[in-house]
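[1] Build me a model from this:
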Amino acid sequence: MARSAVLVTGICGRLGHRVVRALHRERPVIGLDRRPSSDLPQDVEHIQADLMRSATRQLIRGPELGAIVHLGITHDPHVPSAERHTRNLLSLEKLYRMAEDFEIPKLVVLSTANAYGPRAGNAQFLTEDAPLLGSGRSVELRTLVELDMLAQSFALRSSKCKVVILRPANILGLVKNAASNYLRLPVVPTLLGFDPMVQAVHEDDVVRAISLALKADVSGVFNIAGPPPIHLSRALSLLERRTVAVPHTVAQAALGSLFAARVTRFESTELDFIRYVCMIDDSRARRLLGYEPACDLKETLLAVDRERWVG
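    Next up, the predicted model:
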């Protein structure tokens, strides 16, 4: 196998499928996921194994790899927090060790711009140097912040592998994340008295950014944004959603009860994302990666509605 082969973790997720389908046109792809997968391109090898098991290291030792793309992050807030935390951090640690030991020259880690945290005092556009204040009271974000910081430590001390951390804005599309799920609601709750500017990026633009990160001779952190931000109310109007404004204290109490009962996957702390701003400056990615979003505002927003007719 050519040296340019890339190992992609988490290929059974919806974004993972899209990444694999894009990359296999350019280079050999090996997918790693403990879940079974179907509907992959015929030339993509799928290693069904758990990254946490020591035997998995031997399974991927043979192929000559040119890069690793790490998408296999456990996000489900209903998985016990200690287990989720440990699995995510140790999985990244194992991948980095394999990259160093096998002399794999590139490791791309998909993080999130939400790691900066929505705050009333945020600058209008945050650069990669801004502190990661997103942990707050959210177990989910606390894990993602620590994951990002661990990847940064690898990037600083790595001697053989260039580590790239991508921090995309809210990814919209067929992905099942908080932003897309929120915008897909038939009646969308908003917070009374709040109408923040919001920023999103189409899932296909994220795939494009990953491809560019693999090609560029760079390391470090890169923000990835989409079309210009707009007010939340304008986004919901373009999607023709019905809305209901709720006081923050009422929404917080209701969401906390619903989450505890497993009726919803939204944590009450996520209300801050429809209360305060958390927008990024992606000029570094544009300058060093050659990144530029291809999807306009309408295309990006409407990407969430494909979920209504795609299984």
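
[2] Which residue ranges of the stretch 151-300 of the chain form strands?
    Taking DSSP state E, counting those that start in this stretch as the test, the strands found in the stretch 151-300 of the chain are 162-168, 170-172, 187-191, 197-198, 200-202, 220-224, 230-231, 242-246.

[3] Packing partners of the last one?
    Under the contact definition 3 or more CB pairs under 8 Å, 6 or more residues apart in numbering; DSSP states H and E, strand 242-246 sits against strand 187-191. No exception for glycine: its C-beta is placed from N, CA and C like everyone else's.

[4] Equivalent analysis for the third one, please.
    Judged by 3+ CB pairs under 8 Å, 6+ apart, the packing partners of strand 187-191 are helix 232-238, strand 242-246, helix 248-260.

[5] neighbouring contacts of the last one?
    Going back to what we said before, that points to helix 248-260. Residues outside helix 248-260 that contact it (CB atoms under 8 Å, 6 or more residues apart in numbering): 77, 189, 191-192, 194, 246, 264-268, 270-271, 275.

[6] Quick one: mean pLDDT for it?
    Averaging pLDDT along helix 248-260 gives 86.

[7] Give the buried residues for it.
    Neighbour-count burial for helix 248-260, with 16 or more other CB atoms under 10 Å as criterion, is recorded at 248, 251-252, 255, 259.

[8] what's the answer for stretch 9-19, then?
    Judged by neighbour count using 16+ other CB under 10 Å, the buried positions of stretch 9-19 are 9-19.

[9] Serialize these to CSV and add fields for pLDDT.
    As requested, those are exported to CSV (pLDDT from 0 to 100):
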residue, pLDDT
T9, 95
G10, 93
I11, 93
C12, 91
G13, 91
R14, 92
L15, 95
G16, 95
H17, 94
R18, 95
V19, 97
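
[10] Out of these, the closest to L156 would be?
    L156 lies nearest to T9 out of the buried residues of stretch 9-19, by CB to CB, at 22.1 Å.

[11] how about the nearest residue to the closest one once chain neighbours are set aside, secondary structure?
    Of all residues not flanking T9 in the chain, G72 sits nearest, at 3.5 Å (CB to CB, 6 or more residues apart in numbering). What DSSP: H, G, I helix; E, B strand; the rest coil gives for G72 is coil.

[12] Show the contacting residues for G72.
    If you count contacts by CB under 8 Å, 6+ apart, G72 has them with 9-10, 13, 16, 32-33, 51, 91.

[13] repeat that for 10 Å
    Contacts for G72 were tallied using CB atoms under 10 Å, 6 or more residues apart in numbering; they are 8-13, 16, 31-35, 50-51, 87-88, 91-92, 95, 110.

[14] mind listing the helices in the stretch 1-150 of the chain by residue range?
    Using DSSP state H, counting those that start in this stretch, the helices of the stretch 1-150 of the chain run over residues 14-23, 54-59, 81-101, 139-157.

[15] looking at those, which is closest to D305?
    Within the helices of the stretch 1-150 of the chain, the stretch nearest D305 is helix 14-23; the backing value is 14.8 Å (CB to CB).

[16] Turn the buried residues of helix 248-260 into JSON lines, columns for distance to D39.
    Below are the buried residues of helix 248-260 laid out as JSON lines (distance: CB to CB, whole Å):
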{"residue": "H248", "distance to D39": "42"}
{"residue": "A251", "distance to D39": "38"}
{"residue": "Q252", "distance to D39": "40"}
{"residue": "L255", "distance to D39": "35"}
{"residue": "F259", "distance to D39": "32"}
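
[17] List the residue ranges of the stretch 1-150 of the chain that fall below the pLDDT cut-off.
    1-3, 62-63, 75-79, 137 (pLDDT under 70).

[18] What count of nearby residues applies to S135?
    The number of residues packed near S135 is 17, by other CB atoms under 10 Å.

[19] Give me the spatial nearest neighbour of it, chain neighbours excluded.
    In this structure, S135 finds its nearest non-sequential neighbour in R142, 4.0 Å apart by CB to CB, 6+ apart.

[20] same check, this time on A99
    For A99, ignoring the flanking residues on the chain, the nearest one in space by CB to CB, 6+ apart is C161 at 4.3 Å.

[21] what number of residues lie near the one you found?
    Burial measure for C161: 22 neighbouring residues, criterion other CB under 10 Å.

[22] That one and A151 touch, don't they?
    No. Under the criterion of CB atoms under 10 Å, C161 is not in contact with A151, lying 11.3 Å apart.

[23] Tell me the residues that contact both of the two, please.
    Shared contacts of C161 and A151, defined by CB under 10 Å, 6+ apart, comprise 95-96, 107.
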